[in-house]
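Trainee: whatever this is, show me its structure:
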Amino acid sequence: MAKYTPQELADTLKEGLLSFPVTSFDANLQFDEENYRKHLAWQASFPVAGLFAAGGTGEGFSLTPAESEQVVRTAVDEVGGRVPVLASAGGSTAQAIENAKAAEAAGAEGILLLPPYLTEADQDGLTEHVSAVCGATSLGVIIYNRANAIYKDTTVATLADRHQNLIGFKDGVGDLEHDARVYAKLGDRLFYLGGLPTAETFALPLLQLGMSTYSSAMYNFAPQFALDFYQDVRNNDRVAVNKKLNDFVIPYLDIRDRVKGYAVSIVKAGLEAIGRPAGPVRPPLQKLNEKDFADLKALIATIS
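Mentor: Okay, here's the model as predicted:
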């Protein structure tokens, strides 16, 4: 039984920083539950508003359905009493429904609904996809606007009218006009979060469009820095935000952009750099090479 109603969950998530914990693997690329629990306990010891288990930074795309359920159950068991734990639902509509039901059974508080697998769809098809998932669970559902799931403002409004448990809109595209249209149409009916890679880069301008929060990957290895950055954003402190961008975030982006797939790999490398390793990444991702890792470790030392 969820501890939060969908609206209570939305009210909680929109007022704090969100993050996607990495999923720990052992040397054989199997789920390392003991290490994952240690990471979650550390993450939950800071005032984060919500943790998304088995999400993108958690390499959810490489997990089997059974593994995903195990990861979510472990997260709920370890930190569910301290911070809301949300899960992801993806793949086909049928698979997303199974993910949502499994997450609810595991005790998760909400669902991030990923774009449907591979195929293109028009707005009517996306509407039915989201409706099917929302109708299959009592948990709060957040739709992820990216890739082949770009939801028009009118589509989001239709879904919000149809399903009270639709609570959030996560943007992974960065189309400012589109975001403005959605917020103008829906207002406070939903909460809005930034979901672009290394969301700190876009956090201040997106705040003006109603996105009061975002998902921080770097929170995994630099939680206090991430929380301080978020507070600067909420305070509209442009000077402090720009200083942190120039001193750390942009140099971090420069390392991240050297190789495709580093957006996740660099987070696990960050944990290794601070002495809290979470194991390797699974293929098709690759670990940072020696130079990139050395550069990252030196950069992290500047904020430690």
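Trainee: so where do the strands sit in the stretch 201-304 of the chain?
Mentor: Secondary structure of the stretch 201-304 of the chain by DSSP state E, counting those that start in this stretch: the strands cover 213-214.
Trainee: remind me which residues of the stretch 1-150 of the chain are low pLDDT?
Mentor: 1 (pLDDT under 70).
Trainee: helices of that one, residue ranges please.
Mentor: 6-13, 33-44, 65-79, 93-106, 123-135 (DSSP state H, counting those that start in this stretch).
Trainee: repeat that for the stretch 151-300 of the chain.
Mentor: Using DSSP H, counting those that start in this stretch, helices in the stretch 151-300 of the chain cover 153-162, 176-186, 203-207, 223-234, 238-244, 250-256, 262-273, 290-301.
Trainee: how near is residue 46 to residue 113?
Mentor: 27 Å (C-beta to C-beta, to the nearest Å). Every residue, glycine included, has its C-beta placed from N, CA and C.
Trainee: out of those two, which sits in the busier spot?
Mentor: residue 113 (24 against 14; other C-beta atoms under 10 Å).
Trainee: can you give me the distance of that one to residue 134?
Mentor: 8 Å.
Trainee: can you check which residues contact both of those two?
Mentor: Taking C-beta atoms under 8 Å, 6 or more residues apart in numbering as the contact rule, residue 113 and residue 134 both touch residue 141.
Trainee: show me what contacts the closest residue to residue 73 other than its chain neighbours?
Mentor: Among residues not flanking residue 73 along the chain, residue 106 sits closest, at 4.3 Å (C-beta to C-beta, 6 or more residues apart in numbering). By C-beta under 8 Å, 6+ apart, the residues touching residue 106 are 69, 72, 73, 76, 87.
Trainee: please apply the same query to residue 135.
Mentor: residue 163.
Trainee: please apply the same query to residue 257.
Mentor: Contacts of residue 257 (C-beta under 8 Å, 6+ apart): none.
Trainee: next one: phi and psi at it?
Mentor: phi -80, psi 0 (degrees, to the nearest 10).
Trainee: re the thing from before, would you turn the contacts of residue 106 into a markdown table with neighbour count?
Mentor: What follows is those, written out as a markdown table (neighbours: other C-beta atoms under 10 Å):
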| residue | neighbour count |
| --- | --- |
| 69 | 21 |
| 72 | 29 |
| 73 | 21 |
| 76 | 20 |
| 87 | 30 |
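Trainee: and for the nearest residue to residue 140 once chain neighbours are set aside, the neighbour number?
Mentor: Distances taken as C-beta to C-beta, 6+ apart place residue 6 nearest to residue 140, at 3.5 Å, with adjacent residues excluded. By the other C-beta under 10 Å criterion, the neighbourhood of residue 6 contains 22 residues.
Trainee: isn't residue 93 up against residue 116?
Mentor: Yes: Residue 93 is in contact with residue 116 according to C-beta atoms under 8 Å; the separation is 6.4 Å.
Trainee: need the residues touching each of these two.
Mentor: Taking C-beta under 8 Å, 6+ apart as the criterion, residue 93 and residue 116 both touch residue 129.
Trainee: which of these two has more neighbours?
Mentor: Under the neighbour definition other C-beta under 10 Å, residue 93 and residue 116 were set side by side, and residue 116 has more, 22 against 18.
Trainee: and the more buried one, how far is that from residue 123?
Mentor: Counting by C-beta to C-beta, the separation of residue 116 from residue 123 is 13 Å.
Trainee: same thing with residue 244?
Mentor: Distance from residue 244 to residue 123, by C-beta to C-beta: 38 Å.
Trainee: swap in residue 263?
Mentor: Applying C-beta to C-beta to residue 263 and residue 123 gives a distance of 29 Å.
Trainee: those two: who's more crowded?
Mentor: Set residue 263 next to residue 123 and count neighbours by other C-beta under 10 Å: residue 263 wins out with 17 against 14.
Trainee: for the more buried one, give me its contacts.
Mentor: So residue 263 contacts 197, 198, 217, 256 (C-beta under 8 Å, 6+ apart).
Trainee: with that, I have no additional questions.
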